[in-house]
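Trainee: Model the structure of this input:
(one chain, ligands or ions: 1)
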Amino acid sequence: MSLVVAAPMAIVELANAQLQQQAAAAAKKDGGGHELEDGAADADTSTTMGMSCKRSEQQQQLVESSSSYDYDYGALMKGVRHLSDSGITRLPDRYVLPVSDRPGVGLIAASSTAAAAGGVGRVKLPVVDLAGLRDPSQRAAVLATLDDACREYGFFQVVNHGVGSDVSGGMLDVARRFFELPLAERARHMSADVRAPVRYGTSFNQAKDAVLCWRDFLKLVCQPLREVVPRWPQQPADLRDVATGYAAASHALFMEVMEAALEALGIPAPAAGGGVLGELAALASHMMTVNCYPACPQPELTLGMPPHSDYGLLTFVLQDHVEGLQVLHAGRWLTVDPVPGSFVVNVGDHLEIYSNGRYKSVLHRVRVNSTRPRISVASFHSLPAERAIGPAPELVDDEAGNPRRYMDTDFATFLAYLASADGKNKTFLQSRKLPLHTSS
Ligand SMILES: O=C(O)CCC(=O)C(=O)O
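Mentor: Numbering: from 1, shown residues only. The predicted structure is shown next:
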């Protein structure tokens with residue numbers, strides 16, 4: 001990555017860019033005595049270096065000494081919406097990050113840097129205009145923007161995409177109403193099985209996080225859509241209809257942007273039904289995570305989600321009007337300005353591997369705030385889990401100085417990484433990198 005922040009993005013804040021290290025020993029049982037799959041909670045969508053949210057020895061002692069804010073683990077597994085609704089005014093110890101991992105670290109330095117760079121406290125991600133992409137006279141220019149964004153930031157926003165506000169607004173609305181349901185109704189969907197078509201839970205990886213994150217989630221497997229929908233929640237009564245429409249729209253958008261990304265990478269368009277696009281049209285993996293970040297009594301001490309990258313090809317994030325998503329760029333955490341009606345799109349680990357490192361799967365995290373609850377819907381798109389992904393042959397050329405940079409990867413490799421010692425010290429992507437024999 002370049003060490004200079006390029007023009008389209010304004011710097012919002014400088015936070016510590018260090019990744020957190022391995023969490024303390026995984027909790028094997030939740031409060032209700034249910035067995036939890038080790039490392040499974042977010043294995044379907046995201047990867048951190050180790051499982052972040054390390055607890056310092058001092059914090060551990062605090063927890064063990066049972067302060068009044070050290071809630072029982074089982075109670076915390078009811079989630080942060082439950083805690084927030086109970087009117088707490090202090091963050092339970094279990095959510096307090098070590099000082100060096102807190103979101104405000106480096107803020108003062110960031111403000112002055114932002115001022116020097118003319119930043120106004122908001123980040124505008126590069127804009128990919130799909131109306132332009134659909135216009136033959138503008139397509140090349142839009143592809144160039146997409147290519148730059150994926151190389152430099154790994155993030156961009158998509159506008160003029162044609163997904164109606166009834167579809168995306170409806171999705172955000174039904175998501176909000178889901179988290180307003182009584183806890184007993186939401187809790188019906190708790191599951192330790194990562195392959196379950198529906199899973200409700202809390203934190204990032206509730207089976208492993210030593211420090212919990214201020215997030216509740218609902219994960220919906222979206223492929224094959226017709227088969228999985230009957231297993232989705234029946235409450236709110238319109239959830240299945242609304243989420244089905246949204247999932248179909250998200251998949252169509254993904255296919256269009258993926259086609260553009262392959263063209264921008266210079267990978268020749270295959271005959272109909274061929275190539276990666278043909279495979280994706282026949283069978284893709286698609287998971288939707290609905291995130292709920294309630295107002296938090298002490299947001300400066302915790303995160304809604306720790307630094308992580310996404311496992312698939314592309315992720316599409318729909319967010320309400322409340323900011324919170326931060327992207328790591330050139331060692332700085334940049335807060336994404338939620339542009340109404342747009343989707344924030346990011347490159348996942350699979351696309352970094354497939355592009356042989358030309359496109360970047362970058363770390364991102366979520367901050368929370370003390371007054372406004374936030375809802376986001378992240379749609380993770382990729383090839384089927386068992387399909388091994390390696391660099392596209394068109395992008396590997398030893399003689400031109402483009403050696404193969406990554407090993408082949410599939411979901412089994414990912415699970416093995418989570419269980420291995422490597423998971424303590426490297427990101428998943430780092431673990432898939434081949435040693436290069438040149439200085440580059
Ligand atoms: O809430 C957001 O804006 C981002 C969500 C995210 O990064 C995720 O679900 O992996």
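Trainee: Any idea how many residues pack against the residue lying closest to His364 once chain neighbours are set aside?
Mentor: By the measure of Cβ to Cβ, 6 or more residues apart in numbering, the closest residue to His364 outside its immediate chain neighbours is Val327, 5.0 Å from it. Any C-beta I mention is one placed from the backbone N, CA and C, and that applies to glycine too. Counted with other Cβ atoms under 10 Å, residues neighbouring Val327 total 22.
Trainee: go on, Ala149?
Mentor: For Ala149, using other Cβ under 10 Å, the count is 24.
Trainee: Wasn't it part of a helix?
Mentor: Yes - judged by DSSP: H, G, I helix; E, B strand; the rest coil, Ala149 forms part of a helix.
Trainee: Mind telling me what element Leu218 is part of?
Mentor: With secondary structure defined by DSSP states H and E, Leu218 is part of strand 216-221.
Trainee: can you pull the buried residues of stretch 153-164?
Mentor: Neighbour-count burial for stretch 153-164 flags 153-159, 161, 163 (criterion: 16 or more other Cβ atoms under 10 Å).
Trainee: Check the spacing between the residue in the stretch 51-200 of the chain that the ligand sits nearest to and Ala144 real quick.
Mentor: Residue nearest to the ligand within the stretch 51-200 of the chain: Phe155 (10.7 Å; Cβ to the nearest ligand atom). Distance of Phe155 to Ala144, computed by Cβ to Cβ, to the nearest Å: 17 Å.
Trainee: where do the strands sit along the stretch 51-200 of the chain?
Mentor: Taking DSSP state E, counting those that start in this stretch, the strands of the stretch 51-200 of the chain run over residues 127-129, 155-159, 198-202.
Trainee: closest to Gly304 out of those strands?
Mentor: Minimum separation from Gly304 across the strands of the stretch 51-200 of the chain (Cβ to Cβ) falls at strand 198-202, 11.1 Å.
Trainee: At the contact with the ligand, which residues of the chain appear?
Mentor: 45-46, 289, 291, 305, 310, 317, 319, 324-325, 364, 366, 376, 378 (Cβ under 6 Å from any ligand atom).
Trainee: Need the mean per-residue confidence for the host helix or strand of Ala281.
Mentor: Element membership of Ala281, judged by DSSP H and E, is helix 275-282. When pLDDT is averaged along helix 275-282, the result is 93.
Trainee: Which secondary structure elements does it sit against?
Mentor: helix 239-264 (3 or more Cβ pairs under 8 Å, 6 or more residues apart in numbering; DSSP states H and E).
Trainee: In the helix it packs on, which residues are buried?
Mentor: Neighbour-count burial for helix 239-264 [16+ other Cβ under 10 Å]: 239-240, 242-247, 249-251, 253-264.
Trainee: for stretch 417-436, same thing?
Mentor: 417-418, 422-423, 426-429, 431-432.
Trainee: ditto for stretch 195-206
Mentor: So stretch 195-206, judged by 16+ other Cβ under 10 Å, has buried residues 196-206.
Trainee: Kindly report the same for stretch 398-416.
Mentor: 403-406, 409-411, 413-415.
Trainee: Find the closest residue to the ligand in the stretch 1-150 of the chain.
Mentor: For the stretch 1-150 of the chain, Cβ to the nearest ligand atom, closest residue to the ligand: Ser46, 5.1 Å.
Trainee: Torsion angles phi and psi at the closest residue to that residue other than its chain neighbours?
Mentor: Nearest non-adjacent residue to Ser46, counting by Cβ to Cβ, 6+ apart: His308, 4.3 Å away. Phi and psi for His308, reported as degrees, to the nearest 10, are phi -160, psi 160.
Trainee: In this structure His308 contacts Val366, no?
Mentor: No - contact between His308 and Val366 fails when scored by Cβ atoms under 8 Å: they sit 9.6 Å apart.
Trainee: if we can go back for a sec, helix or strand right after the helix holding Ala281?
Mentor: In N-to-C order, the element after helix 275-282 by DSSP H and E is strand 285-293.
Trainee: So which elements touch that following strand?
Mentor: Using 3+ Cβ pairs under 8 Å, 6+ apart, strand 285-293 sits against helix 80-85, helix 165-180, strand 216-221, helix 239-264, strand 374-382.
Trainee: quick one on the thing from earlier: which SS class is the residue nearest to His364?
Mentor: Under three-state DSSP, Val327 comes out as strand.
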